[in-house]
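# with the sequence up front, the predicted model follows.
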There are 2 protein chains.
Amino acid sequence: MTTLASDTKRARTRQRLIDRGLDLIERQGYDATSVAQIAAAAGVTQMTFFRYFATKEQLVLEDPYDPFLATGIGEQPRELPPLQRAARGIRSAWRALPEPEQPEIRRRVRIAARTPSLRGAMWRSTGNTEAAIVAQLTGDGTPPFDARAAASAVLAALVTGLFAWADGEVETLGAAIERALDVVEARP
Amino acid sequence: MTTLASDTKRARTRQRLIDRGLDLIERQGYDATSVAQIAAAAGVTQMTFFRYFATKEQLVLEDPYDPFLATGIGEQPRELPPLQRAARGIRSAWRALPEPEQPEIRRRVRIAARTPSLRGAMWRSTGNTEAAIVAQLTGDGTPPFDARAAASAVLAALVTGLFAWADGEVETLGAAIERALDVVEARP
DNA sequence: CGGCGAAATGTGAGTGACTAACATTATGAT
DNA sequence: ATCATAATGTTAGTCACTCACATTTCGCCG
């Protein structure tokens, strides 16, 4: 069992699928690019593609989200309503995070932003993060209904910010996130 | 051109597809129910199904949303931040609306809430409403980025409320919407 | 160094959503 | 009764995705 070498090969094949796949999709569009085509471009079979990615969507939607975003919520003052606690918590968690490698993420997000079917899928892919936020909020005593409403609202704003960033509307990923959170946190 | 009579037949076939389709899906689950099965149950061909519904999703997702929800936003005071304007506007538009026929909507929403692939599709199906809200907000002078962030956040909370209602967690549709808006509007 | 075993990949057949071109039936107005 | 048109059917195809089974690759151990 040669874990190291085979892991290396696995990783290489996987990366080839991603590189060739994103290339093709950027050139032709997501819907116009077939899995067979991507697999062929990576020198591999359709079947192998599906051994690495359960669906065609997942090639693009390596979710840029992270349940880690929820970790800052517990530290927020309890007097704040859940929406503010979530927003502030995410802001502080984000600031504590090292800048992620943006070029790859940006390719993916730009594709997702331009492909209607993927915009919906993106929403679904935030499921883990949403659950983590909800768990933090309910742990603080927020009723589940309110926790879910607040978590989904904050994440929706974040996704919107991501799309704006991928479109070049905002300079940096950080700026997009901060601004999206500003909108959510704004007080009358 | 017998518009009236043929429209009647069209409407009947369509309704048969909806009734039989929702029946089957409720019993077997969305993924386990094939279009061919639904069509057969409605005494019709697969091809005919697709002449009435572009996709299988659309049988369930006759969107319960309505761009009409955006109409109340213009009346909100300009000093409010966009998130509050959107939430208050939707609240007043909703109150002005006659109670929709809930049983049918509830069937659909319950199915959507239980089917992961449909949860994502539901998000996409709010597109029209979101655009209407964004238009209202930008018309009031809100920058597009902020308008989109606020609109998506409010709608996300609304969808969450809808799901809770379909799950029986909240008594009435109206209560679910009001409460979701409460969470979004809450001030620190 | 030669073969063993597991990981990686391939093959072939099948299902189900969806599309397009073309043929057929049904229906209501004249 | 007839005729245009709406409604439906037929057939054949593409593409995402699955399953069962066969084959290759490759490091490791005797």
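Structure's in. What do you need?

# name the residues of whichever strand or helix holds A:Arg95 that are buried.
Using DSSP states H and E, A:Arg95 maps to helix A:82-96. By neighbour count on 16 or more other C-beta atoms under 10 Å in any protein chain shown, the buried set for helix A:82-96 is A:82-91, A:93-94. Heads up, the C-betas are built off the backbone N, CA and C, glycines and all.

# and the helix or strand of chain A with the lowest mean pLDDT, what does it pack against?
Every helix and strand in chain A was compared by mean pLDDT, DSSP states H and E; the lowest is helix A:3-28, with a mean of 84. Here helix A:3-28 touches helix A:35-41, helix A:46-52, helix A:56-60, helix A:102-114, going by 3 or more C-beta pairs under 8 Å, 6 or more residues apart in numbering or on different chains; DSSP states H and E.

# next secondary structure element downstream of the last one?
Along the chain past helix A:102-114, the next helix or strand (assigned with DSSP H and E) turns out to be helix A:116-125.

# ok so, going back, what's the mean pLDDT across the helix holding A:Arg95?
What helix A:82-96 shows for mean pLDDT is 96.

# what lies in contact with it?
For helix A:82-96, contacts defined as C-beta atoms under 8 Å, 6 or more residues apart in numbering or on different chains pick out A:68-78, A:80, A:133, A:136-137, A:140, A:142, A:146-147, A:149-151, A:153-154, A:158, A:174, A:177-178, A:181, A:184-185, B:183-184, B:186, B:188.

# are any of the residues you listed buried, and which?
A:69-73, A:76, A:80, A:133, A:136-137, A:140, A:142, A:146-147, A:149-151, A:153-154, A:158, A:174, A:177, A:181, A:184-185, B:183-184, B:186.

# in helices only, show me those.
Under the assignment DSSP state H, the buried ones among the contacts of helix A:82-96 contribute A:133, A:136-137, A:146-147, A:149-151, A:153-154, A:158, A:174, A:177, A:181, A:184-185, B:183-184 to helices.

# which stretches of chain A have low pLDDT?
A:1-7, A:64-65 (pLDDT under 70).

# recalculate using a threshold of 80.
A:1-8, A:63-65, A:99-101, A:188 (pLDDT under 80).

# which bits of it sit near chain B?
A:79-84, A:116-117, A:119-124, A:145-146, A:148-150, A:152-157, A:159-161, A:164, A:169-170, A:179-180, A:183-184, A:186-188 (C-beta under 8 Å from any C-beta of the partner chain).

# how about a cut-off of 6 Å?
Residues of chain A lying close to chain B (C-beta under 6 Å from any C-beta of the partner chain) are A:80-81, A:83-84, A:119-121, A:123-124, A:145-146, A:148-150, A:152-153, A:156-157, A:160, A:164, A:180, A:183-184, A:186-188.

# circling back: from the chain's centre, how far out does the least confident helix or strand of chain A sit?
19 Å (C-alpha atoms, centre = their mean, to the nearest Å).

# show me what counts as buried in it.
A:13, A:16-18, A:20-22, A:24-25.

# any chance of a markdown table for the residues you listed, columns distance to DNA strand C?
Output for the buried residues of helix A:3-28, formatted as a markdown table (distance: C-beta to the nearest atom of the strand, whole Å):
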| residue | distance to DNA strand C |
| --- | --- |
| A:Thr13 | 4 |
| A:Arg16 | 9 |
| A:Leu17 | 9 |
| A:Ile18 | 13 |
| A:Arg20 | 13 |
| A:Gly21 | 15 |
| A:Leu22 | 18 |
| A:Leu24 | 17 |
| A:Ile25 | 19 |
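
# tilt between the helix holding A:Arg95 and helix B:82-96?
Calculated by axes from the mean of the first three to the mean of the last three C-alpha atoms, to 10 degrees, helix A:82-96 forms an angle of 150 degrees with helix B:82-96.

# for helix A:82-96, output the C-alpha coordinates as CSV.
Output of helix A:82-96 as CSV, limited to C-alpha atoms (Å, rounded to 0.1, in the frame of the first residue of the first chain):
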residue,chain,number,x,y,z
PRO,A,82,-28.7,37.3,15.9
LEU,A,83,-28.2,39.0,12.6
GLN,A,84,-25.7,41.4,14.0
ARG,A,85,-23.9,38.6,16.0
ALA,A,86,-23.6,36.5,12.9
ALA,A,87,-22.3,39.4,10.8
ARG,A,88,-19.8,40.6,13.4
GLY,A,89,-18.6,37.1,14.1
ILE,A,90,-18.0,36.4,10.5
ARG,A,91,-16.2,39.7,10.1
SER,A,92,-13.8,38.9,12.9
ALA,A,93,-13.2,35.3,11.7
TRP,A,94,-12.5,36.6,8.3
ARG,A,95,-10.0,39.1,9.5
ALA,A,96,-8.2,36.3,11.5
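
# now find how far off-centre that helix is within its chain.
17 Å.

# ok, stretch A:30-37 next?
Worked out by C-alpha atoms, centre = their mean, stretch A:30-37 lies 22 Å from the chain centre.

# any residue of that stretch touching DNA strand C?
No. Stretch A:30-37 stays out of contact with DNA strand C when judged by C-beta under 7 Å from any atom of the strand, the minimum separation being 10.3 Å.
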